[in-house]
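Asks: Coordinates only, no sequence provided:
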């Protein structure tokens with residue numbers, strides 16, 4: 001059988017343990033909130049980056065089409081240049 005003093009000692013230790021556990025739980029909650037907030041911010045950042053990448057991809061596609069047009073024009077010029085030069089030379093002689 002425990003004396004009144006022994007029961008008081010156990011109860012006091014129990015309260016201290018309960019308080020320690022409550023502080024630990026609160027600390028874990030704070031860490032969890034912090035992680036969730038950082039995850040949300042990272043998600044927002046990733047969404048912004050994806051939007052920018054989509055815009056850059058669109059611009060790259062536009063540049064690709066422009067380069068294709070310039071390439072076509074240049075190939076036509078290379079093909080037609082001998083005829084153009086020949087016509088110009090004939091025009092001078094005439």
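Replies: Everything's here; your move. Source: prediction; values computed, not measured.

Asks: Can you spell out which helices and strands pack onto the helix or strand hosting residue 37?
Replies: Using DSSP states H and E, residue 37 sits in helix 4-93. Contacting helix 4-93 under the criterion 3 or more CB pairs under 8 Å, 6 or more residues apart in numbering; DSSP states H and E is no other helix or strand. The C-beta positions use only the backbone N, C-alpha and C, and glycine is treated the same way.

Asks: Quick one: mean pLDDT for it?
Replies: Mean pLDDT, computed over helix 4-93, is 91.

Asks: what's the offset of it from the middle of its chain?
Replies: On the basis of CA atoms, centre = their mean, to the nearest Å, helix 4-93 is displaced by 1 Å from the centre of the chain it belongs to.

Asks: any idea how far the most centrally placed residue in the chain is from residue 85?
Replies: For the chain, residue 46 is the residue whose C-alpha lies nearest the centre (CA atoms, centre = their mean; 3.2 Å). In this view, residue 46 and residue 85 are 57 Å apart by CB to CB, to the nearest Å.

Asks: same deal with residue 76?
Replies: Distance of residue 76 to residue 85, computed by CB to CB: 15 Å.

Asks: Tell me the spacing between the residue nearest to the centre of the chain and residue 78.
Replies: Taking CB to CB, one finds residue 46 at 46 Å from residue 78.

Asks: Same check on residue 59?
Replies: 28 Å.

Asks: same deal with residue 24?
Replies: Taking CB to CB, one finds residue 24 at 78 Å from residue 78.
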